[in-house]
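Chemist: Sequence isn't available, so here's the structure alone:
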């Protein structure tokens, strides 16, 4: 039996036709990704929750006014709103966003992996910690692209639009991030 997953577009259409539960389903589908991405930028769970709520309040207001027009691109649109709210927060506090997450929510904890035995699981966890440590040492722009690409699953086109740079700049930042991470691995003789 084949299960049918309702697309974001279908859920939005149902919501616009009066089905409030469709919006709840849509938010629940993406809340983990959106919250985690916000948390990676602000590094504070309470602040992340506030920005998360503000993000979906903005989404709700836009949908209620009938102004949402990006068919098929709901998640990138929501991520752009969340990113802009994070940037607004940092502008207000004159701090720079951090996309690291040594404490609290862990991007690797929510990635799907096959069941491993205890030893494989421990080795994988240690390797992920080493990668996180490398990402933490990258310049801010490079960290941002790595997180948005590998956690949020955004395309370089979406990252470019979100961060207000050209696609080539986003690609270049990823390239330099990988080069820098390779250098760190070699210099520190890190075994992954």
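Modeler: Right, received. Where do you want to start? Just so you know, these numbers come straight off a predicted model, no measurement behind them.
Chemist: For the lowest-mean-pLDDT helix or strand in the chain, name the packing helices and strands.
Modeler: Counting by mean pLDDT, DSSP states H and E, the chain has its least confident helix or strand at helix 118-136, which shows a mean of 74. Packing partners of helix 118-136 (3 or more CB pairs under 8 Å, 6 or more residues apart in numbering; DSSP states H and E): helix 140-150, helix 167-188. For the C-beta atoms, the positions are set from N, CA and C on the backbone; glycine is no exception.
Chemist: got the angle for the shortest one vs helix 118-136?
Modeler: Just to be clear, that refers to helix 140-150. 140 degrees (axes from the mean of the first three to the mean of the last three CA atoms, to 10 degrees).
Chemist: buried residues in the least confident helix or strand of the chain?
Modeler: Neighbour counts using 16 or more other CB atoms under 10 Å place 128, 130, 131, 132, 134, 135 of helix 118-136 among the buried residues.
Chemist: same question, stretch 8-23
Modeler: Here stretch 8-23 shows 8, 11, 12, 14, 15, 22, 23 as buried, counting by 16+ other CB under 10 Å.
Chemist: Distance check, the fourth one against residue 7.
Modeler: In this case it means residue 14. Distance, residue 14 to residue 7, using CB to CB, to the nearest Å: 11 Å.
Chemist: which of the buried residues of helix 118-136 lies closest to residue 77?
Modeler: residue 135 (25.7 Å; CB to CB).
Chemist: Residue 146 against residue 138, yeah?
Modeler: Yes. The criterion here is CB atoms under 8 Å, and residue 146 meets it with residue 138 at 6.8 Å.
Chemist: what sits in contact with each of the two?
Modeler: The contact sets of residue 146 and residue 138 overlap at residue 177 (CB atoms under 8 Å, 6 or more residues apart in numbering).
Chemist: Adding distance to residue 86, write the buried residues of helix 118-136 out as a markdown table.
Modeler: Output for the buried residues of helix 118-136, formatted as a markdown table (distance: CB to CB, whole Å):
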| residue | distance to residue 86 |
| --- | --- |
| 128 | 24 |
| 130 | 27 |
| 131 | 23 |
| 132 | 20 |
| 134 | 23 |
| 135 | 18 |
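Chemist: Could you check the pLDDT of residue 94?
Modeler: As predicted, residue 94 sits at a pLDDT of 64.
Chemist: I should have written residue 55 there, sorry.
Modeler: pLDDT at residue 55 comes out at 93.
Chemist: doesn't residue 37 make contact with it?
Modeler: No. Residue 55 is beyond contact range of residue 37, at 10.0 Å (criterion: CB under 8 Å).
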